[in-house]
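Peer 1: my questions are about this predicted structure, shown below with the sequence.
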Amino acid sequence: MSNDGMNYAPKGKPNPVVSKGEFEIAAAFLDHGHIFGMCNGLLEAGATLKYVYDPDSKKVDDFLNKFPTAKVASSFEQILEDDSIKLVAAAAVPSKRSSIGNRVLKSGKDYFTDKTPFTTLKQLEETKRIVQQTKRKYLVYFSERIHVEAAVFAEELINKGAIGEVIQVTGFGPHRLNAESRPSWFFDKEKYGGILTDIGSHQIEQFLHYTGNEDAKVLHSKVGNYNNPEHPELEDYGDATLVGDNGATFFFKVDWFTPDGLSTWGDGRTFITGTKGTIEIRKYVDVARDTAGDHLYLVNNKGETHHKLYGKVGFPYFGNLIKDCIYRTEKAITQERTFKAAELCLRAQEKAEVII
């Protein structure tokens, strides 16, 4: 398990849904280490990585160490002009993700970006229009649900009715700061968008997904900088409360206060309450008991069960994403829900009370 969340890149078992060369992709703008997890997931599902591009040759060299078969594109335009490329995966500086994606969409390709997909509501509205015009897909790497086996299994349990109707979700998303290794944009609010826009986006997408909501309202949100005066634009804490259209409620908190003694970069957890039971997901560690992640605790009328899920469930999102791009379906996630998760985290950020 990585101690650095920025470069945490889960690996699963290969489960290809296409043959080699059938679905060619490119990776570009490698500013965030999530690009490695994004590419791992796509390649395990059968995608063929043809190109990599970044204006920084050091980033390209680091990428090639992990994916040595990729060709280095001389420019981003080379990727956009290659009709064999079906999808571009990118992990740019957050404030640039929308404009890069718009170029990809206009070139006739689908786009898979790291979270958060937007830093302003204006960006969101512009990309919505371009998606409508081009009919291409704007996909987002919400890794804390799609790339965690315990989170995938939770969805299976909910769909089977194991806890009845979901009425409340609580999410905890602590991260280790590792300030000395962060790029300068990480501390520039205009570029990273604020803590609720950034790592809060994971949380809100999970709420919508597990409760089956297509819309929700932000009731209250707050942010603060408690312990990083040397980085005045960094928000090191944030939380928010939402209610979905179906009445399900949500509270989440995110922060940059993972202590150095923890064996991984963050003790991410999700608590799900249903009318007939509860689920707790311990995503990356079971504190003081097991440094492996992917633990799920289920309590319902049949009793109490603990599921150790690492290496047992897989990551179906990536195969579904590839098939969605080929067949123009929406099995992995709907475009509407992707945009709604982005909108709600932006609105939570916009209305957040600054407490310190």
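Peer 2: Thanks, I have it.
Peer 1: what is the neighbour count of T329?
Peer 2: 11 (other Cβ atoms under 10 Å). Where C-beta positions appear, they are placed from N, C-alpha and C, glycine not excepted.
Peer 1: my read: it touches L321, true?
Peer 2: No - the pair T329 / L321 is not scored as a contact, 10.2 Å apart, by Cβ atoms under 8 Å.
Peer 1: only alpha carbons, please: show stretch 76-93 as PDB.
Peer 2: Backbone C-alpha positions of stretch 76-93 (Å, rounded to 0.1, in the frame of the first residue of the first chain) are rendered in PDB as follows:
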ATOM      1  CA  PHE A  76      -0.800  16.700 -28.300                       C
ATOM      2  CA  GLU A  77      -2.100  17.500 -31.800                       C
ATOM      3  CA  GLN A  78      -0.500  14.200 -33.000                       C
ATOM      4  CA  ILE A  79      -2.800  12.300 -30.700                       C
ATOM      5  CA  LEU A  80      -5.900  14.400 -31.600                       C
ATOM      6  CA  GLU A  81      -5.300  13.900 -35.300                       C
ATOM      7  CA  ASP A  82      -4.800  10.100 -35.100                       C
ATOM      8  CA  ASP A  83      -8.200   8.500 -35.900                       C
ATOM      9  CA  SER A  84      -7.100   5.200 -34.400                       C
ATOM     10  CA  ILE A  85      -7.200   6.700 -30.900                       C
ATOM     11  CA  LYS A  86     -10.600   6.100 -29.300                       C
ATOM     12  CA  LEU A  87     -10.000   7.600 -25.900                       C
ATOM     13  CA  VAL A  88      -7.500  10.000 -24.300                       C
ATOM     14  CA  ALA A  89      -6.700   9.600 -20.600                       C
ATOM     15  CA  ALA A  90      -5.300  12.700 -18.800                       C
ATOM     16  CA  ALA A  91      -4.500  13.900 -15.400                       C
ATOM     17  CA  ALA A  92      -3.700  17.600 -16.000                       C
ATOM     18  CA  VAL A  93      -3.600  20.400 -13.500                       C
END
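Peer 1: list the buried ones in it?
Peer 2: Judged by neighbour count using 16 or more other Cβ atoms under 10 Å, the buried positions of stretch 76-93 are 76, 79-80, 85-93.
Peer 1: again with stretch 41-55
Peer 2: Applying a neighbour-count criterion of 16+ other Cβ under 10 Å, one finds 41-54 buried in stretch 41-55.
Peer 1: please tabulate those in TSV, including the columns secondary structure and pLDDT.
Peer 2: Listed next are the buried residues of stretch 41-55 as TSV, based on DSSP: H, G, I helix; E, B strand; the rest coil; pLDDT from 0 to 100:
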residue	secondary structure	pLDDT
G41	helix	98
L42	helix	98
L43	helix	98
E44	helix	98
A45	coil	98
G46	coil	98
A47	coil	98
T48	strand	98
L49	strand	98
K50	strand	98
Y51	strand	98
V52	strand	98
Y53	strand	99
D54	coil	98
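Peer 1: in the stretch 201-350 of the chain, which spans are helices?
Peer 2: 316-327, 335-350 (DSSP state H, counting those that start in this stretch).
Peer 1: identify whichever of those lies nearest to V285.
Peer 2: Smallest distance to V285 across these (Cβ to Cβ): 22.2 Å, for helix 316-327.
Peer 1: and the contacts of the closest one?
Peer 2: Outside of helix 316-327, the residues that reach it under the criterion Cβ atoms under 8 Å, 6 or more residues apart in numbering are 15-18, 23, 41-42, 44-47, 86-87, 110, 112, 137, 139, 146-147, 152, 329-333.
Peer 1: excluding chain neighbours, what is closest to T119?
Peer 2: G193 (3.5 Å; Cβ to Cβ, 6 or more residues apart in numbering).
Peer 1: how close does the one you found sit to G101?
Peer 2: 15 Å (Cβ to Cβ, to the nearest Å).
Peer 1: who has more neighbours, these two?
Peer 2: G101 (28 against 25).
Peer 1: quick one: contacts for the more buried one?
Peer 2: Neighbours of G101 in contact, by Cβ under 8 Å, 6+ apart: 90, 111, 113, 117, 127, 138.
Peer 1: what about it, which SS state?
Peer 2: G101 falls in the helix class when you classify it by DSSP: H, G, I helix; E, B strand; the rest coil.
Peer 1: swap in L157?
Peer 2: Per three-state DSSP, L157 ends up helix.
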